[in-house]
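S.K.: when you get a sec, could you give me coordinates for this:
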Amino acid sequence: MDLYIKSFNRAYLLHRTLESIRKNLLGFEGRIIVLDDGTPQIYLDELLSLFPEIEIRKSPYYFDKSKAITDNKSPKNMVPTDFWKAELMKGTDSFILIEDDTWFSKPVDFQLLNREVELMQMDMVKFMWLGNSKLISKNSKDFGKLINKVEPELWTQNSLLFNFIFRSNRFKGKKIANMFYNLDEALLKYYQFYIVAGGVFSKRYYQTCWKESSNKVDELQQISQLLKSRKKFNVGNTVHEVLKTTIKTTSSMMAKNHLGSTVDIHKVNQILNKAWMNGKRYEITDFESDLPSKWIENQLENDPEEGKALAQQWRQWYEVFEASYKNIGCNF
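M.R.: Predicted coordinates:
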């Protein structure tokens, strides 16, 4: 089973991702492939010196984005969905896909995980649900030592009705349905059936999700495509969460306009990457803890151009971003 990591300009996080694989994915002997979309080469070279076993494959947008970052400019918001899909289809029939802001927080017996994926014929196994029980189903169909196979608690399996209620703002259908159902909670439960990354995928599941992507990440469209296919997918989750993430930084501000707070995230990542490169690193092997806020603040405050003003903007943005997750029941 291959393991892929989607990466963009956060070498300071990717270091911990890779270290967690080395320390916590016990018995893993597959390929580790980084799908990078613009991290400057100087940082990739440092990672390759630390983890010579990894492969790095670059998106079609890599050179334009990395040049923009090196020139202290904001890169264009182009999402390499076709590149991700093409690369993933070259590998093993089942694969692990994670992102550069996630890490294995506890030891996982990979050989046992692989056997259970094969025996249960799993198409998707979720490793992380942010402490939110609504994101995993209680309807267990089968279970092993590591994996629960479940029946998702879906409000409807009809793609047309799903689109009508959850993807369209033109009709009164959602308002009427909301009188009888908690649709926000109902929508959350579709994530028992779907993840962007953070688990095991089969090729057939991933191909169906991303059949029509138009180089953007539209999660509701992907859920709709799964429903529309009418294929039977075996989905589930690990018995315990084995992956953690951080929302203290992000790769871009795409799809975050609704927050009402912003920060120059490319500047933030540039400063944190440089600090990491210069040896000013947080405790990389502390896999139980989130990215330390104090480390972020110290690096931002020491910036000679914006310093404390940028650190304050970051704190305000992070508080709003974290609240948006807590409001739907997630806990970091």
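S.K.: where along the stretch 151-300 of the chain do the strands fall?
M.R.: 199-202, 235-238, 243-245 (DSSP state E, counting those that start in this stretch).
S.K.: thought residue 140 was touching residue 152?
M.R.: No: between residue 140 and residue 152 there is no contact under C-beta atoms under 8 Å: 11.5 Å. In this view, the C-beta of every residue, glycine as well, is placed from N, C-alpha and C.
S.K.: the more surrounded of the two?
M.R.: Each of residue 140 and residue 152 has its neighbours counted (other C-beta atoms under 10 Å); residue 152 has more, 17 against 13.
S.K.: distance check, that one against residue 110.
M.R.: 26 Å (C-beta to C-beta, to the nearest Å).
S.K.: for residue 269, same thing?
M.R.: Residue 269 is 30 Å from residue 110, by C-beta to C-beta.
S.K.: could you do residue 241 as well?
M.R.: Per C-beta to C-beta, residue 241 is found 17 Å from residue 110.
S.K.: with neighbour numbers in mind, choose between these two.
M.R.: The neighbour comparison of residue 241 against residue 110 (other C-beta under 10 Å) goes to residue 110, with 20 against 17.
S.K.: tell me the mean pLDDT over stretch 308-327?
M.R.: Across stretch 308-327, pLDDT averages out at 93.
S.K.: contact partners of it?
M.R.: 130, 247-248, 250, 256, 259-264, 267-268, 271, 293, 296-297, 300-301, 303, 332 (C-beta atoms under 8 Å, 6 or more residues apart in numbering).
S.K.: could you list the low-pLDDT ranges of the stretch 151-300 of the chain?
M.R.: Along the stretch 151-300 of the chain, segments meeting pLDDT under 70 span 169-181, 213-214, 253-258.
S.K.: can you give me the helices in it?
M.R.: With DSSP state H, counting those that start in this stretch as the criterion, the stretch 151-300 of the chain has helices at 159-162, 173-178, 183-188, 203-209, 219-229, 265-277, 293-301.
S.K.: now the ones you listed in JSON lines, with mean neighbour count?
M.R.: Below are the helices of the stretch 151-300 of the chain laid out as JSON lines (neighbours: other C-beta atoms under 10 Å):
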{"stretch": "helix 159-162", "mean neighbour count": "16"}
{"stretch": "helix 173-178", "mean neighbour count": "13"}
{"stretch": "helix 183-188", "mean neighbour count": "15"}
{"stretch": "helix 203-209", "mean neighbour count": "18"}
{"stretch": "helix 219-229", "mean neighbour count": "19"}
{"stretch": "helix 265-277", "mean neighbour count": "20"}
{"stretch": "helix 293-301", "mean neighbour count": "17"}
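S.K.: and of the ones you listed, who's closest to residue 37?
M.R.: For the helices of the stretch 151-300 of the chain, proximity to residue 37 was assessed by C-beta to C-beta; helix 265-277 is nearest, at 12.7 Å.
S.K.: quick one: distance of the closest one to the chain centre.
M.R.: A distance of 20 Å separates the centroid of the chain from that of helix 265-277, by C-alpha atoms, centre = their mean, to the nearest Å.
S.K.: just the C-alphas of that helix, formatted as PDB.
M.R.: Written as PDB, here are the backbone C-alpha positions of helix 265-277 (Å, rounded to 0.1, in the frame of the first residue of the first chain):
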ATOM      1  CA  ILE A 265      -1.100  33.400   5.500                       C
ATOM      2  CA  HIS A 266       1.600  33.200   2.800                       C
ATOM      3  CA  LYS A 267       3.700  35.600   4.900                       C
ATOM      4  CA  VAL A 268       3.000  33.500   8.000                       C
ATOM      5  CA  ASN A 269       4.100  30.300   6.200                       C
ATOM      6  CA  GLN A 270       7.200  32.000   4.800                       C
ATOM      7  CA  ILE A 271       8.400  33.100   8.200                       C
ATOM      8  CA  LEU A 272       7.700  29.700   9.800                       C
ATOM      9  CA  ASN A 273       9.500  27.900   7.000                       C
ATOM     10  CA  LYS A 274      12.500  30.100   7.400                       C
ATOM     11  CA  ALA A 275      12.600  29.700  11.100                       C
ATOM     12  CA  TRP A 276      12.400  25.900  10.700                       C
ATOM     13  CA  MET A 277      15.100  25.900   8.100                       C
END
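S.K.: by contact count, what packs against that helix?
M.R.: The contact analysis (3 or more C-beta pairs under 8 Å, 6 or more residues apart in numbering; DSSP states H and E) places helix 265-277 against helix 11-24, helix 41-50, helix 293-301, helix 307-326.
S.K.: report pLDDT for residue 73.
M.R.: At residue 73, pLDDT is 89.
S.K.: phi, psi of it?
M.R.: Main-chain dihedrals, residue 73, degrees, to the nearest 10: phi -120, psi 160.
S.K.: tally of neighbours for it?
M.R.: Residue 73, neighbours per other C-beta under 10 Å, totals 11.
S.K.: do the same with residue 248
M.R.: Residue 248: 21 neighbours (other C-beta under 10 Å).
S.K.: would you check how far apart the spatially closest residue to residue 300 that is not a sequence neighbour and residue 297 are?
M.R.: Spatial nearest neighbour of residue 300, excluding adjacent residues (C-beta to C-beta, 6 or more residues apart in numbering): residue 311 at 4.0 Å. Using C-beta to C-beta, residue 311 is found at 5 Å from residue 297.
S.K.: no further questions, thank you.
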